[in-house]
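Trainee: build me a model:
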Amino acid sequence: MPETLSVVLITLNEAANLPRTLASVRWAAEIVVVDSGSTDATLEIAAGAGARVFAEPWKGFAAQKNSAISHATGDWVLSLDADEEVSPELAREIQALLAGEPDFTAYRIPRLNHFLGRPLRHGGYWPDRKLRLFRRGAARFLDRPVHETMQSDGPDGWLRGPLIHHCYPTLDDYIEHMNRYSTLAAQALVASGRARWARLSWPWLVWNALLNPAATFLYNYIFRLGFLDGRAGLLQHINHSFYIHWKYLKAWEFARRNLRS
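Mentor: From the prediction side, this is the model:
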């Protein structure tokens, strides 16, 4: 008898993305949506697709996703972001896997990121494997304030079908994302002690806020062939360098505030 699958995701005002995501997993036995206060049509869309919907206050990315996992009742869990889409190839691969005897209790899935509607296949953005499919109870998200990652109890297998990530359809979306995530990342740097020299050291600031972003751009755009992704690749790598600049500049600012307080 095939193993059952629960698809879980968290939402906040995802009406623009949710129909595409839910349509790609309509074959799953269960869909769980944990919402943190949407004011658009997110809840109606989720309910209309037959999802089990839970309204919970925001607890942070990792905690919120782990909460969604805790509501799942299937034998296996597929954790998605609301702007991700399961490709037909991946859907067939998962169904075939669960119809047999899986060799692993968790699987990493290659993720194809899109920037301004264009796929990024170079510059370190592909295959971008993420641990997302696992036997219920065999994995969970680590408690980190930003760039949350999942950890499993044992060795992981790899799937081939891609997860499509419609991450930044417009520059406004990406700039808003960079601003929010660079603040969280800077706060994490200060809290971890990795920015302890930022309060007094100009060399620290020059390297991390200026030379590090430039070196990252050259490495990803030139040596990792990011230029093969055309204009979308150029804009993505320029903006990613700005993200690094903002992260360390904000860490410097937060560290100096702590020194004065």
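
Trainee: hmm, who's touching the helix or strand that contains Asp173?
Mentor: For Asp173, the host element (DSSP states H and E) is helix 171-192. Residues from elsewhere that reach helix 171-192 (Cβ atoms under 8 Å, 6 or more residues apart in numbering): 115-116, 144-147, 168, 195, 198, 235, 239, 242-243, 246-251, 253-255, 258. Heads up, the C-betas are built off the backbone N, CA and C, glycines and all.

Trainee: kindly recompute the last result at 6 Å.
Mentor: With contacts defined as Cβ atoms under 6 Å, 6 or more residues apart in numbering, helix 171-192 is touched by 145-146, 168, 195, 239, 243, 246-247, 250-251, 254-255.

Trainee: now tabulate those in CSV and tack on distance to Gly60 and neighbour count.
Mentor: Below are the contacts of helix 171-192 laid out as CSV (distance: Cβ to Cβ, whole Å; neighbours: other Cβ atoms under 10 Å):
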residue, distance to Gly60, neighbour count
Pro145, 7, 15
Val146, 9, 17
Tyr168, 22, 23
Ala195, 20, 24
Asn239, 25, 17
Tyr243, 20, 18
Trp246, 21, 19
Lys247, 18, 26
Lys250, 19, 22
Ala251, 19, 26
Phe254, 18, 19
Ala255, 22, 20
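
Trainee: Phe134 belongs to a strand?
Mentor: Yes - judged by DSSP: H, G, I helix; E, B strand; the rest coil, Phe134 forms part of a strand.

Trainee: in contact with it: list those residues for me.
Mentor: Neighbouring residues of Phe134 by Cβ under 6 Å, 6+ apart: 77, 106, 152.

Trainee: filter these down to the ones in helices?
Mentor: Judged by DSSP state H, the contacts of Phe134 include no members of helices.

Trainee: highest neighbour count among these?
Mentor: Within the contacts of Phe134, neighbour counts (other Cβ atoms under 10 Å) peak at Val77, which reaches 26 neighbours.

Trainee: what is the burial count for the closest residue to Arg92 other than its chain neighbours?
Mentor: Take Arg92 and drop its neighbours on the chain: the residue closest to it by Cβ to Cβ, 6 or more residues apart in numbering is Gly161, 7.1 Å away. For Gly161, the count of nearby residues is 15 (other Cβ under 10 Å).

Trainee: ok, now which ones touch Gly161?
Mentor: 87, 89-90, 93.

Trainee: low-confidence ranges, this protein, go.
Mentor: 1, 145-146, 198-200, 259-261 (pLDDT under 70).

Trainee: domain-wise, how is it divided?
Mentor: 5-168, 171-260 (automatic domain parsing).

Trainee: could you pull out the strands for the stretch 101-250 of the chain?
Mentor: Ranges of strands in the stretch 101-250 of the chain, per DSSP state E, counting those that start in this stretch, are 106-109, 111-115, 118-119, 130-135, 139-141, 150-152, 157-158, 163-168.

Trainee: max pairwise distance over the contacts of helix 171-192: which two?
Mentor: Distances among the contacts of helix 171-192 were taken as Cβ to Cβ; the most separated pair is Tyr168 and Ala255, at 29.2 Å.

Trainee: quick one: whatever helix or strand Ala62 lives in to strand 130-135, angle?
Mentor: According to DSSP H and E, Ala62 maps onto helix 61-70. Comparing the axes of helix 61-70 and strand 130-135 via axes from the mean of the first three to the mean of the last three Cα atoms, to 10 degrees yields an angle of 30 degrees.
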